[in-house]
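Asks: have a look at this prediction, sequence included:
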Number of protein chains: 2
Amino acid sequence: MRTLRIALAQVNTSVGDIDGNAELIIEGIKAARAAGAELVAFPELAITGYPPEDLVLHRRFVADNRRALERVAAEAHGISAIVGFVDGSPGRDESVYNAAAFLHEGRVAAVYRKIHLPNYGVFDEERYFGRGLECPVIDFGGVRIGMSICEDVWEPIGSAEVERAAGAEINININASPFERGKDGVRRELIGDMARRNQVYACYVNQVGGQDELVFDGTSLVYGPDGVLIAEGERFDEDLLVLDLDLERVADMRSSGTWEGPSDDELAEIGFSTDLPVARSGAVESSTVENSTLSEPLSEEAEVYRALVLGTRDYARKTGFEKAVIALSGGIDSTLTAVIAVDALGAENVLCVALPSRYSSDGSVTDAEALAQRLGIKLWNLPIEPAHAAFEEILEEEFRGTAAGLAEENVQSRVRGNVIMTISNKFGYLVLTTGNKSEFATGYATLYGDMAGGYAVIKDVPKTLVFRLCEYRNDAGPGSPIPRSVIDKPPSAELRPDQLDSDSLPPYEVLDRILERYIEDRWDAGEIIAEEVGLGGGDEETVRGVLRLVDRNEYKRRQAPPGVKITQLAFGRDRRMPIASRYRPH
Amino acid sequence: MRTLRIALAQVNTSVGDIDGNAELIIEGIKAARAAGAELVAFPELAITGYPPEDLVLHRRFVADNRRALERVAAEAHGISAIVGFVDGSPGRDESVYNAAAFLHEGRVAAVYRKIHLPNYGVFDEERYFGRGLECPVIDFGGVRIGMSICEDVWEPIGSAEVERAAGAEINININASPFERGKDGVRRELIGDMARRNQVYACYVNQVGGQDELVFDGTSLVYGPDGVLIAEGERFDEDLLVLDLDLERVADMRSSGTWEGPSDDELAEIGFSTDLPVARSGAVESSTVENSTLSEPLSEEAEVYRALVLGTRDYARKTGFEKAVIALSGGIDSTLTAVIAVDALGAENVLCVALPSRYSSDGSVTDAEALAQRLGIKLWNLPIEPAHAAFEEILEEEFRGTAAGLAEENVQSRVRGNVIMTISNKFGYLVLTTGNKSEFATGYATLYGDMAGGYAVIKDVPKTLVFRLCEYRNDAGPGSPIPRSVIDKPPSAELRPDQLDSDSLPPYEVLDRILERYIEDRWDAGEIIAEEVGLGGGDEETVRGVLRLVDRNEYKRRQAPPGVKITQLAFGRDRRMPIASRYRPH
C-alpha cells in the first residue's frame, strides 16, 4: 500500500513576530516528526503572520523573514515542510511574493508563488505582492504533490488543475482565511469540489487566532479524491492534524473515471508553467494513525461567540494587555461584552465600572451588580453626577436660552468615556467598548463617549444577534451568567428621562434586515423598500431614514476602535466609503 | 496654419454628487464653447468625483453615473468634450472601468479605459476597476488626438507611445492627482518628457479641491512637442485654460527629428490595440486667444499653506458645515489652525474657545486673546477647573495612593475634548483639531482629548514646518496675525506644572528628520542612526526611542480624524500598519 503520512499545523502566529513565529513552526515540525509524519504544512505567510500589511514594504522586514525561513529550513530533516513566507527582495521595481516554500533536507527545495491575489473586502494583496507564474509539482518519493495558496483554489481553473495535469495526487492548500459567519460551509464545498474535480487529496490548512479586526478559525480540512471529507482540525483553536493518505485511492479513482480537466488551450491561457523538482521522502511511517473524528457543524451563535472570544483574547494578548475594563450600564450590549471578556481573559482580569447618571434607572446598577456577582468580577460604582454638573456649569452662560437635546445627552456619555480612559491610563487596562453593529451603522452612539476604547468587541454584531448570543451563552454554559431582566428589558441609552431606543429607531428586527440589505448586499433603497413592504416590515420613510443615518455617520465609524469582523462586510478595512460624499441612494 | 483651440477645465467636483458634477461639466462645456474652443477636457472621473471608493461597488451608483454622462453628452454640440466617468456595468463577474469618454455631436463617440491602475499609497484602483486594453485615436477634423488617464503616462511605454505610433499629435491626459509637497516638479518633468519623447502636445488636466484627506491642486499643464511648457492652469483654484495649438509645430518637429518610439515588439508586448474612430471638428475658431502667463513656482510653505486652506474649506463645505470651532491653547499649533480656518471659512465663521486649566500659563489666554483680536474672531474663555476637580472627586477613592501621572494629565485634555464636542453638538459647528504630524507620529496627544474633532487640519504637517508656515503666513499676509510670542515660546502641553515638550521628546529638528526617514523613506533603525550620528543629531537611544513611540501609537492614529495629506506618506489610507504588531525594527 502506497501511503503518505501528512500533518497540518494550524498555528496561531503573530503579525511581525518573525522570531516567535519561526519558533512556533519549528515546534510544529518537531511534533509532526515525532508523530511519524513525512510532510507537515503550515499556513499562508506563517513566518510573518497574516496580514502583515505595510510591514511588507520595509526591506528589512522581508530580509528578516527570509533569514527566519532559512532557520526553519535547517530543521527540516527526517521530515519535509511547506511554510508560507514572503519571497523576493522588496524595492521600487522588484516585486515580492506571497509564497510557499517546500523545505527538504535542510534547504528550500521549491517555491510556489501565489497567483490569484485578493484585492477586495479586507484584502489588499495587489498592493504588496507580484503575481506568481509557476506551479512546481514535487515528486516526493514517488508521490506527486502540488501546492496552492488560499485564493488560488477559489478560481474554476487554477493551480490545482495545472498541477493535476502534471500528475499531482495531493494538493496542499495553505491559507490565512478570515472567519465570517457561514463561510465554513462555502469553504467545505469549494475544497471538496477541488478534490473531486481533480481526483486528488485536497489538504486545506488555515491559521488560527485574532489579528486586529480579523479572526482566523483554523478548521483545516482534508478531502479524499472522491470529494468526501476525511479529517478536520479544531475550530478556533491550535491543532496538529496528522493522518495517513492512501494513494491507491487516487489511482483507483483515476482508473475508474475520466478526468474532466482543462484543455491544453485553457492551461496555456492561464500562463502557468510547470516544473518538477525531485525530492525524496524523509521519515518512513510505521504504525497507522487514528482517523480524525469529524465534528458536527457549529450553530451560527456558537461560531460567532467563539470568534468573539478568540478575537478579544488575541487582541489583548498580541497588544500586550492582561486586564480589561468595561463600562457596564446594565444593558444587554455591555453585559454581553463583559461575559465575552471573562471567557476571553478570565474573571480575575476583568474590571467593570458602573457609571450611573441622574437619568440611570435603578435597574441599571442592580443588573450590573447581579452580573458581576454571577461572573465573579470586580465592579466599581462611580456616579458621574459631579462631572455632569460641572460641564453644565462651564457651559451655562453660552448655552443659556437653548433647549436641552443631543448635546446635553452626549455630555454624559463623554464623561463616562473620560472616566473609563483615565482608569485605563492609570492601571494599564485595555478598554473594551460595548456598541453593536446596529448602533455603529446608524450612529446611535457617542463619539469619544461610549465609543471610546481600545477594542470594540461586538461592533460587527447586529442587535438581534446580540440577543441570540446572550441566550446561547446562558444555554451553553458554563453557568448562566446573564440575568433574565437584562435580556427582557427594552433597550435604552438612559441619557434623558424615560428614553427608549425605539423612540429613535425602528424595531431591531426591521432595522437589522434593512442594514444587512444595504451594507452587506449593497441593495438600493427601491429594492429594500419593495422587500420590506412585502414582508410587512419597514415602510418607505423608515427605510430611507435608516439609509440616511448610515450615510451620515461615516465620520463616526472612521474614528471607531477596531473590533471582531464576523459578518460578510464589517465596518473597517472591509468598507471604504468617503466621508464627504453627496451620493444619496435614497 | 493648422491649429486647434482646446480648453482644459480644472473643475472642483464633489464625490457622489453626480448631478452637481454633471452641471459643473455642462457649464464648463458652455464656457469653453463661448471661448471658441473646439475641444474641452475634464478631469479623471469628473462625473463621480474622485476617489469614489466603495460607492463604485453599488450598481445603482454606476448606473446613475452613466445616465449623467448621457446628459452631458447631449450638450456636446459645436464643441467636443473628454470627460472622466465609470464605464461598464458592475456586478460579481463584470468589471467596471475608470474611463474617458470622447463626446461628440451629442453622443459618446469613443471610450478610453485606464490601463495602469495605481494600487499603492492612497490608491486602491485594482479594488474597483478592470484594466483597459484599447487606445482609440480620434481623427478630429484632420487632427489626431490620443487620450490617457493619469498613471498611464507615468509608465515608460504606455498609451502615449501606442497612440503616437497611430499618428496622435496631441495627448489629452486627464487626472485626479493628489497634492504632495514637491510633486508638482515631478509631474512637470514627466509630462514634458512625454511630450518631447513623442513629439506631441501633452495636455495634462487635473481636478482641484479637497476630498477627505486628499487635496487636488489643479495646475493643469500644456507642453509643446519640443517638451517646453506653454501654458498652465491656476494652482489650488478652479480654472478654464483655453489655448490654440499649432499643429505645424508637430509636423516640423517630426520632419526634423526621428522618433525614438517603442519597437513593434514592445508595442505588442503591452498588448494594446489601436482603434481609429473618425470625428469632425465642431466650432471653427476665429480670433486667437491670449497666451497663458507662466507663473513662478511656489515655495514649499506657500504650496502647503494653500493646500491646507483648500482642504479645510472643502471638507467643511462638502460635509455641510458653515462654521468651525477650535480649542485655542495659545500654542503654535492651535494658532496656525485658527489662522488657516479663518483663511478657509472667513473670520465670521470661526469660533475659538480658550479652555485653561489650573496649569495653564497666563500667556496661554493672553496669546489666544491677542490672536482672536488680530483675526477678528469670537473667543470664549471657559476655564475647565470645575470639571477637572469633579473627575478628581469621582476617582479619588480608586486612585488613592497612586502617583499622579499621565492619567491625571489626560483627564484635562479629555475635559476639553468634551466641552468642544458639546459646543459642536449644540450649535452644529465643525470641530477642527490642532495636532501636528510630529505629535501624531509619537503619540504625543490625548485620544478623545486634543485629538477629538471632525478634521485635523495640520495632522500631516511636521512641527518644524508648522513654525515655517507661521512665519510664511505672517510675511505673506493679509496682515501678520500670529503674535511673535506664540512663535517664540517653547512648546508645552501645559498639563502639569512647568511641563515642556522637550522633557519628553528630542529637539524638533532632530525628531522630524528621524520621523521622515522612518515613515516616508522606510529606513530601518541602523540607517537612521548612522545618518544622525553623522549629522551630530540624535544618538542611538534617541532614534530607537522615537521609532518605538511611532510603532506603539498606531492604535491612536487609527482613531484620529481625517486631515489634509501634504507629505509623500501621510497617516491614513496611505499607511496601513497593523495595530497588533510585534515587529520592532529598532
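Replies: Looks like it came in fine. Numbering: from 1, shown residues only, chains lettered A, B, ... in the order given.
Asks: let me see the contact set for the closest residue to chain B within the stretch 451-586 of chain A.
Replies: Of all residues in the stretch 451-586 of chain A, A:Tyr583 sits closest to chain B, at 2.9 Å by Cβ to the nearest Cβ. (Each C-beta comes from the backbone N, C-alpha and C, glycine too.) Contacts for A:Tyr583 (Cβ atoms under 8 Å, 6 or more residues apart in numbering or on different chains) come out as A:Asp551, B:Val15, B:Gly16, B:Asp17, B:Ile18, B:Leu55, B:Phe61.
Asks: the residues you listed, buried ones only, as a ChimeraX selection?
Replies: The ChimeraX selection below is limited to those of the contacts of A:Tyr583 classed as buried (16 or more other Cβ atoms under 10 Å in any protein chain shown):
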select /A:551 /B:15,16,17,18,55,61
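Asks: can you redo the contacts of A:Tyr583 as CSV with secondary structure?
Replies: Shown next, in CSV, are the contacts of A:Tyr583 (DSSP: H, G, I helix; E, B strand; the rest coil):
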residue, secondary structure
A:Asp551, helix
B:Val15, coil
B:Gly16, coil
B:Asp17, coil
B:Ile18, helix
B:Leu55, helix
B:Phe61, helix
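Asks: residue ranges in the stretch 1-150 of chain A under the pLDDT threshold?
Replies: Scanning the stretch 1-150 of chain A for pLDDT under 70 picks out A:1, A:90-93.
Asks: quick check, the residue in it closest to chain B?
Replies: For the stretch 1-150 of chain A, Cβ to the nearest Cβ, closest residue to chain B: A:Gly16, 2.9 Å.
Asks: the strands in the stretch 201-350 of chain A, which residues?
Replies: Taking DSSP state E, counting those that start in this stretch, the strands of the stretch 201-350 of chain A run over residues A:201-206, A:208-211, A:214-217, A:221-223, A:229-232, A:239-246, A:273-275, A:278-279, A:324-327, A:350-354.
Asks: domain ranges for chain A, per the record?
Replies: According to automatic domain parsing, chain A is divided into the following domains: A:3-279, A:300-500+A:553-558, A:506-552.
Asks: turn those domains into JSON lines, including distance to B:Ala324.
Replies: Converted to JSON lines, those look like this (distance: least, Cβ to Cβ, whole Å):
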{"stretch": "domain A:3-279", "distance to B:Ala324": "32"}
{"stretch": "domain A:300-500+A:553-558", "distance to B:Ala324": "14"}
{"stretch": "domain A:506-552", "distance to B:Ala324": "19"}
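Asks: circling back to that earlier point, and the contacts of A:Tyr583, which two are the farthest apart?
Replies: Put simply, by Cβ to Cβ the two of those set farthest apart are A:Asp551 and B:Ile18, 14.5 Å from each other.
Asks: coming back round to it: out of the strands of the stretch 201-350 of chain A, which comes closest to chain B?
Replies: Of these, nearest to chain B by Cβ to the nearest Cβ is strand A:208-211, at 6.0 Å.
Asks: circling back: let's have the contacts of A:Tyr583 in CSV, adding distance to B:Phe399.
Replies: Below are the contacts of A:Tyr583 laid out as CSV (distance: Cβ to Cβ, whole Å):
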residue, distance to B:Phe399
A:Asp551, 42
B:Val15, 47
B:Gly16, 48
B:Asp17, 51
B:Ile18, 55
B:Leu55, 48
B:Phe61, 52
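Asks: list just the nearest of the contacts of A:Tyr583 to B:Gly141.
Replies: B:Ile18 (31.2 Å).
Asks: ok, the closest one - contacts?
Replies: A:Tyr583, B:Ile47, B:Thr48, B:Phe61, B:Asp64, B:Asn65, B:Ala68.
Asks: inside helices: which ones of those residues?
Replies: B:Phe61, B:Asp64, B:Asn65, B:Ala68 (DSSP state H).
Asks: also near chain A: which of those, exactly?
Replies: Checking the ones in helices among the contacts of B:Ile18 against chain A by Cβ under 8 Å from any Cβ of the partner chain, the ones in range are B:Phe61.
Asks: buried subset of the ones in helices among the contacts of B:Ile18?
Replies: B:Phe61, B:Asp64, B:Asn65, B:Ala68.
Asks: distance of the first one relative to B:Ala176?
Replies: In this case it means B:Phe61. 17 Å (Cβ to Cβ, to the nearest Å).
Asks: which ones are touching the residue of the stretch 151-300 of chain A found nearest chain B?
Replies: When scored by Cβ to the nearest Cβ, the stretch 151-300 of chain A has A:Asp212 as its residue closest to chain B, at 5.2 Å. The contact partners of A:Asp212, by Cβ under 8 Å, 6+ apart, come to A:Tyr315, A:Pro562, B:Pro578, B:Ile579, B:Ala580.
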